[in-house]
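**Q** need a 3D model of the sequence below.
(4 chains)
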2 protein chains.
Amino acid sequence: MDTAVASIRQTSVEHILAATEPVFAKHGFEGATMAQLAAAAGLPKANLHYYFGTKEGLYRAVLEGILALWLDDAAEWIVPERHPAEGFAGYVRAKMTHSRERPDASRIFADELLRGAPHIMMYLGIELRNRVTELAAVIEGWTARGLMDAVHPVHLLFNIWAMTQTYADFDVQIRAVLGKVSIDDAEFAVATETVVALVLKGCGVRPSEGRLP
Amino acid sequence: MDTAVASIRQTSVEHILAATEPVFAKHGFEGATMAQLAAAAGLPKANLHYYFGTKEGLYRAVLEGILALWLDDAAEWIVPERHPAEGFAGYVRAKMTHSRERPDASRIFADELLRGAPHIMMYLGIELRNRVTELAAVIEGWTARGLMDAVHPVHLLFNIWAMTQTYADFDVQIRAVLGKVSIDDAEFAVATETVVALVLKGCGVRPSEGRLP
DNA sequence: GAAATTCTTGACCGAACGGACAGGTTTGAT
DNA sequence: ATCAAACCTGTCCGTTCGGTCAAGAATTTC
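**A** Reported below is the predicted structural model:
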């Protein structure tokens, strides 16, 4: 057999990671306590230490799961084969879906950045930076082919991340200002299409009629 | 005389608020310790307790100074008398300047929102909400006068805040991806004009030739 | 089925936490 | 010059922090 083995270790580790993510999201690394984390997992503190050694070990494990998520959206949508109208719209919608379905992941990443990225500096400066360079080349290619205006591609990406992730990171503010206890699907769809339109029109993306030149 | 009195209390309070802001920005409310805060102010812990009672009292005082800053930018720029080309550009540039000059203020606000706004829920749901309603009316007026496209005004504001504040909150990420130790004026100007262009073109703002209709 | 390994847990530890407070010092009004 | 009010701070306190450990329970291995 292949998948269904599910050793005790693997099961426990996955359970702890899933259960503690909301606690790290709510209190940050420094603010979360081992007692809270253990309570969220329904286990004694010593059990978390058995599997992850230290609080930082647990936090890094949670972070690594999030970083894996982070890089994949772009690779699917920001590619030369697509027209930018399709690429940007798809990318923005994918990021917005992430903000809706995994807000805690976004918040943990946001907290890590707010603190100066003490645990993921290497990731930012190497993996993320390389990936951004590739994406920037794709966007510049679109501009060169006359499919959109000349826009600084890296700052454009920063701004797309900012807009999409604000719906996860700062959703308290959004709910408070909208006067809603929770953001329903219709409201979220409005938000998504507002961001899509801002990006497409903001970049002067030509309508994608017919095939690519 | 009027200003130059500067009682000991006032001087001390202002000094402590200014000195502790970076500590709260770096570690958040929960992560900052009274010992760190006191060390940053160059005073014994007991001194901070003398003026602010508790850690939370000090934090709230810092927060209130920030909130006062927060609401004023919009009132100057998002007004019916201006053409949206001027209004949005001025507002974005003002917010970007804030991100450059008071990044710690933005980070403390961001941290508070990430934690679910435990100390400023009232502010969000009342003052901020009222202000946003007014701004939304101005933007809808611009649309009604044919000066820009129909864009959901509240989500537009969320996105402007997201883009401008990302340059304060997540500047580690920006510096790491750009490969710069610090963001120089030229780079920041590029960022600012990228955001301005995204907003103006994204909202279909007509060029502001001549006077308002 | 016995031995070895892995897992679980309550009890415990020193350090660091936010805060209290008494007593000394400085300041300002009279 | 006096004195009350305001200010300053070393020291202490109970609690909570992250982490350890020994010993027992469950599981795997042979």
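**Q** is residue A:147 in a helix, a strand, or coil?
**A** Of the three states, residue A:147 takes coil under DSSP: H, G, I helix; E, B strand; the rest coil.
**Q** any low-confidence regions in chain A?
**A** Across chain A, the stretches falling below the confidence threshold (pLDDT under 70) are A:1-6, A:209-213.
**Q** figure out how far the helix or strand hosting residue A:197 is from the centre of its chain.
**A** Residue A:197 is part of helix A:185-202 when elements are defined by DSSP states H and E. What separates the centre of helix A:185-202 from the centre of its chain is 17 Å, taken as C-alpha atoms, centre = their mean, to the nearest Å.
**Q** show me which residues of chain A are close to DNA strand C?
**A** Within chain A, the residues that sit near DNA strand C (C-beta under 7 Å from any atom of the strand) are A:7, A:8, A:9, A:12, A:43, A:44, A:45, A:46, A:47, A:50, A:51. No exception for glycine: its C-beta is placed from N, CA and C like everyone else's.
**Q** give me the neighbour count for the first one.
**A** Counted by other C-beta atoms under 10 Å in any protein chain shown, the residues lying close to residue A:7 total 8.
**Q** can you give me the domain assignment for chain A?
**A** For chain A, the domain assignment from automatic domain parsing gives the residue ranges A:1-53, A:67-202.
**Q** which residues of chain A fall in helices?
**A** For chain A, helices defined by DSSP state H occupy the ranges A:8-31, A:34-41, A:45-52, A:55-77, A:84-101, A:103-114, A:121-123, A:129-144, A:153-169, A:171-178, A:185-202.
**Q** in a markdown table: those helices, plus mean neighbour count.
**A** Converted to a markdown table, the helices of chain A look like this (neighbours: other C-beta atoms under 10 Å in any protein chain shown):
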| stretch | mean neighbour count |
| --- | --- |
| helix A:8-31 | 18 |
| helix A:34-41 | 18 |
| helix A:45-52 | 16 |
| helix A:55-77 | 16 |
| helix A:84-101 | 20 |
| helix A:103-114 | 23 |
| helix A:121-123 | 14 |
| helix A:129-144 | 16 |
| helix A:153-169 | 24 |
| helix A:171-178 | 21 |
| helix A:185-202 | 19 |
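**Q** just put these in a markdown table and tack on distance to residue B:199.
**A** As requested, the helices of chain A are exported to a markdown table (distance: least, C-beta to C-beta, whole Å):
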| stretch | distance to residue B:199 |
| --- | --- |
| helix A:8-31 | 30 |
| helix A:34-41 | 40 |
| helix A:45-52 | 44 |
| helix A:55-77 | 23 |
| helix A:84-101 | 16 |
| helix A:103-114 | 22 |
| helix A:121-123 | 30 |
| helix A:129-144 | 19 |
| helix A:153-169 | 10 |
| helix A:171-178 | 18 |
| helix A:185-202 | 7 |
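**Q** residue numbers of chain A in contact with DNA strand D?
**A** Residues of chain A lying near DNA strand D (C-beta under 7 Å from any atom of the strand): A:7-8, A:32-36, A:45-46, A:49, A:53-56.
**Q** show me which pair in those is furthest apart.
**A** Distance extremes for the residues of chain A next to DNA strand D: the farthest pair is A:7 and A:33 at 28.6 Å, using C-beta to C-beta.
**Q** go ahead and confirm residue A:164 touches residue A:100.
**A** No - the pair residue A:164 and residue A:100 does not pass the contact test of C-beta atoms under 8 Å, sitting 10.0 Å apart.
**Q** what's the closest of the helices of chain A to residue B:195?
**A** Go through the helices of chain A one by one with C-beta to C-beta and the one that ends up closest to residue B:195 is helix A:153-169, at 6.3 Å.
**Q** is any residue of that closest one near chain B?
**A** Yes - contact of helix A:153-169 with chain B (C-beta under 8 Å from any C-beta of the partner chain) involves A:154, A:155, A:156, A:158, A:159, A:161, A:162, A:163, A:165, A:166, A:167, A:169.
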